[in-house]
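**Student:** Below: sequence and its predicted model.
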Amino acid sequence: MEQHHQASPPNDPESQLKRARREVGLSQDELWQRYFALGGTAAPGEFEAYVDGDVIPVPHEYDVLVHALNERSMELGSSHRWPYSADE
């Protein structure tokens, strides 16, 4: 069973992943579908906790989520990319 860590209280009430989701113009459901299609394994409720910053996903799940965001960013023609866990 994968372990997840509770997030530290953020300085900003909106999580980095939630801001990223909004920046690429995806709903929570649309982003989850992309994440799941790429091999993400979190159920929608757990995924929502990741995006909201309530739970820190394990590196693999974080990287799949970031990959979904980066793919959407590329579709929009943006050069902005969010870093993968190994890049931080």
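**Tutor:** In hand now; what should we look at?

**Student:** Tell me the buried residues in the longest helix along the chain?
**Tutor:** With secondary structure taken from DSSP state H, the chain has its longest helix at helix 59-75. Across helix 59-75, burial judged by 16 or more other CB atoms under 10 Å covers 61-70, 72-73. Just so you know, the C-beta spots here come from the backbone N, C-alpha and C atoms, and that holds for glycine as well.

**Student:** Quick one: list the elements packing against that helix.
**Tutor:** Applying 3 or more CB pairs under 8 Å, 6 or more residues apart in numbering; DSSP states H and E, one finds that helix 59-75 contacts helix 16-23, helix 28-37, helix 44-52.

**Student:** S78: which of those helices is closest?
**Tutor:** Put simply, out of these the one that sits nearest S78 is helix 16-23, at 8.3 Å, with distance taken as CB to CB.

**Student:** Extract the residue ranges of the protein that are flagged as low pLDDT.
**Tutor:** Screening the chain residue by residue with the criterion pLDDT under 70, one finds the ranges 1-14, 88.

**Student:** Nearest to the spatial middle of it, which residue is it?
**Tutor:** Relative to the mean C-alpha position of the chain, the nearest C-alpha, by CA atoms, centre = their mean, is the one of L65, at 3.9 Å.

**Student:** from the buried residues of helix 59-75, which single one is nearest Q33?
**Tutor:** Using CB to CB, the shortest approach to Q33 within the buried residues of helix 59-75 belongs to A68, at 8.9 Å.

**Student:** my guess is that closest one meets L31, correct?
**Tutor:** Yes. Under the contact definition of CB atoms under 8 Å, A68 touches L31, with a separation of 6.1 Å.

**Student:** Using CSV, lay out the helices and strands packed on helix 59-75 together with mean neighbour count.
**Tutor:** Formatted as CSV, the entries for the helices and strands packed on helix 59-75 read as follows, by neighbours: other CB atoms under 10 Å:
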stretch, mean neighbour count
helix 16-23, 16
helix 28-37, 17
helix 44-52, 17
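
**Student:** Quick one, which of those helices gets closest to G77.
**Tutor:** For the helices and strands packed on helix 59-75, distance to G77 was read as CB to CB. The smallest value, 13.2 Å, belongs to helix 16-23.
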